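Engineer: No sequence on hand, only this structure:
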DNA sequence: AACTAAACGAGACGGTACGTCGTGTCTTTCG
DNA sequence: CGAAAGACACGACGTACCGTCTCGTTTAGTT
């Protein structure tokens, strides 16, 4: 398969982990703006070439570090109602991504994705789209059940949810927490329900 | 005040405009990632010091260039209903910021605001908050009239609107156009109305 | 003795020759300054370790290549007179070392001998001294016959001969040919003879 | 002329001297093989660019350092006889170039001239040819007076002198001193004279 | 009109990081 | 166990920009 046994020394898992750990440390200490390949190599006791061999940019290292450290798996709940499913999804998403170390990293990655187009493609495909698809499953189910707000396509519902989340991260820096989750649920999932009740 | 007549040569408006023009040209040609103070100085035929004298960073130059070229003024409509006001606000906002040269610049500035904290403060205060406050006026009026969705504070309405806009710019790269405007109006302004009508 | 049958795979003569051939090719194509162990290994289809195992430096590889390709044996003539012996020695020496591919290599080796002291020792002992000793035999014989210029010790005669040769190679880049050979013979071997004739 | 006043900051003489001094120190401490631009910059407290701006290679820096520190001017004696002039020329030449710090540097430069063809041209034109021309003046004068060995063109006399000097420096590492000077005078300048006296 | 003060272009400066190349070593698989 | 393949830590390369600092020049007030 991909793991075919070739001649030559194998990739050092020890170096890989040292690089990812050093990257997170450095970002935590001095911020993404001060992150350099040179610095990662020095901190992790690794040659620069070893980094360039396996990652195309420092942002990719950071994305890998984030994915390796924080398990970014997204549970896709199925509790019968969009209201409940969305609430649970937002709670676990905000729990993971709303707090300082992870939130800071996400901000930096989204920023770098704007500045470096090649990384932008990778970030969208490997990270943003995955999470979007996870929520997309919930929203599609809700659509089939008629639980979505009228006149708003499913894709736009996704944009509203993730947009609000990212806007708080990037622009207002207000907390991304249960309060916001509740308000989004109210906006997107309660209306249909209450309308139904009215009928 | 600031315009006090001091001895010495005055700031050269010609240089200022050359710098701003060169900045926009360079971003359009090669993207923000390739923008350098060195390059701006060379393109505009100006000494580097002249740039450092008047702007704290290249992102500030770009923000200035954007503000000088594109009039970023936001009309604050008042047509009696939130539905109409929001629609008009979104139309003029998307008209301005949804198209390529301006949208690219906004992306870059939002990115830089994440990476350079000092610029981040200025960008939020000088750009993001101004636009937020403009919409805030509409939303506050709507709130007094009871036109907002129940259970969603005004601030969150703002987050939803701008969040969705920015998310499309930054993450999905789907068009930010009248279609999206209509959907947001439906989501945020129709519900209360129809509810009111039902009653 | 050295050829004793030891356990393990034997040194590959094929690899050895491929390395030496690749070395000469690369020097001919791009000059000694561009010669690298990495390049030799790539060109010859050999692992770097195989080179490091058998030669202490790239200059040693080149010296080996030169010795293997061009037979650097020096005939030591004995025709009864210093004049005739020196002439023949110089002719065969210049024939071999005065022309482009060999001369270029000799220049590079002499250069490297200055920069890398360890190779310098080997180069002097294995190459320079051998040739010097060959001529030394002739000069010693001439000394016993009283054919050397008065007041010039045998060692200095050697320095004059090889010095002039090397100086043309290294500094003036003028041809090292029969003309020069004749002039050296005149300078070093004719004087005593003509003086003898005058008496 | 060349000193035309151009706009912009002037070259820093302080940096120039610090670079040249650091270069000589480093060569003296660890040898030319360990000399790096990086090291010179670090030792002299200068940016690397400042070195690259003014010298094309580290060998050029070293040549400049040698020329600036040791006055390499060559007095051209004129005492009426080749014998006396040559003796004086060799004495002052050997005095300057035969001793350790200068001799080591000369070895390195001659070596680098073989490996880097571009530096080779400069070294020959700026250093070797100058010294050769100085002695050439003496030899030409001697030629007009009939003081040169018969059958040996003036250019070859120069090759013999400098060749012997360089050969001792590069190959045998025997001292380059008054003894050698005397022997060269005997070989090249006594013969004609004594022959003349005999007649 | 002379003087002072600031902005200007040009460009050298000390730095930092870049991404690449080559070194010599080590590890793995194959013959 | 030699030899290919190739990953590794290391160090230097030469370049690009950074932000600062002279320079000599130009342009305004202020004496």
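Structural biologist: Happy to help now that I have it. Being a predicted model, the structure only gives us computed values, none of them experimental.
Engineer: Give me the below-cutoff pLDDT ranges for chain A.
Structural biologist: Where chain A drops to pLDDT under 70, the residues are A:1-4, A:191-199.
Engineer: do the longest helix seen in chain A and DNA strand E meet?
Structural biologist: Ranked by residue count, the top helix of chain A under DSSP state H comes out as helix A:13-30. No - contact between helix A:13-30 and DNA strand E is absent, the nearest approach being 9.3 Å (criterion: CB under 7 Å from any atom of the strand). C-betas here are computed from N, CA, C, even on glycine.
Engineer: can you tell if that helix touches chain B?
Structural biologist: No - Helix A:13-30 stays clear of chain B (CB under 8 Å from any CB of the partner chain), getting no nearer than 11.3 Å.
Engineer: Show the subsequent helix or strand relative to that helix.
Structural biologist: Counting by DSSP states H and E, the next helix or strand C-terminal to helix A:13-30 is helix A:37-44.
Engineer: which other helices and strands contact the helix or strand just after that next one?
Structural biologist: Downstream of helix A:37-44, the first helix or strand assigned by DSSP H and E is helix A:48-54. Counting contacts by 3 or more CB pairs under 8 Å, 6 or more residues apart in numbering or on different chains; DSSP states H and E, helix A:48-54 packs against helix A:13-30, helix A:37-44.
Engineer: other SSEs contacting the first one?
Structural biologist: Read that as helix A:13-30. Taking 3+ CB pairs under 8 Å, 6+ apart as the contact cut, helix A:13-30 packs with helix A:37-44, helix A:48-54, helix A:58-69, helix A:100-115.
Engineer: quick check: angle from the last one to helix A:58-69?
Structural biologist: With axes from the mean of the first three to the mean of the last three CA atoms, to 10 degrees applied, the angle from helix A:100-115 to helix A:58-69 works out at 150 degrees.
Engineer: The helix or strand where residue A:182 lies close to chain B?
Structural biologist: Residue A:182 is part of helix A:178-185 when elements are defined by DSSP H and E. Yes - applying CB under 8 Å from any CB, one finds helix A:178-185 touching chain B at A:180, A:182, A:183, A:184.
Engineer: could the residues you listed go into TSV alongside neighbour count and distance to residue A:154?
Structural biologist: Listed next are the residues of helix A:178-185 next to chain B as TSV, based on neighbours: other CB atoms under 10 Å in any protein chain shown; distance: CB to CB, whole Å:
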residue	neighbour count	distance to residue A:154
A:180	21	21
A:182	17	21
A:183	21	20
A:184	22	15
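Engineer: who's in contact with stretch A:102-122?
Structural biologist: Contacting residues not belonging to stretch A:102-122 are listed as A:24, A:27-28, A:31-32, A:56-57, A:59-60, A:62-63, A:66, A:70, A:96-97, A:123-124, A:127, A:166, A:169-170, A:176, B:31-33, B:107-108, B:110-115, B:170-171 [CB atoms under 8 Å, 6 or more residues apart in numbering or on different chains].
Engineer: of those residues, buried ones?
Structural biologist: Listed as buried from the contacts of stretch A:102-122 are A:24, A:27, A:32, A:57, A:59-60, A:62-63, A:66, A:96-97, A:123-124, A:127, A:166, A:169-170, A:176, B:32-33, B:107-108, B:110-115, B:170-171; burial here means 16 or more other CB atoms under 10 Å in any protein chain shown.
Engineer: Distance check, residue A:21 against residue A:60.
Structural biologist: 16 Å (CB to CB, to the nearest Å).
Engineer: any idea what the nearest residue to residue A:181 once chain neighbours are set aside is structurally, helix, strand or coil?
Structural biologist: Closest residue to residue A:181 apart from its sequence neighbours, by CB to CB, 6 or more residues apart in numbering or on different chains: residue A:90 at 3.8 Å. When classified by DSSP: H, G, I helix; E, B strand; the rest coil, residue A:90 comes out as helix.
Engineer: Understood, closing this out.
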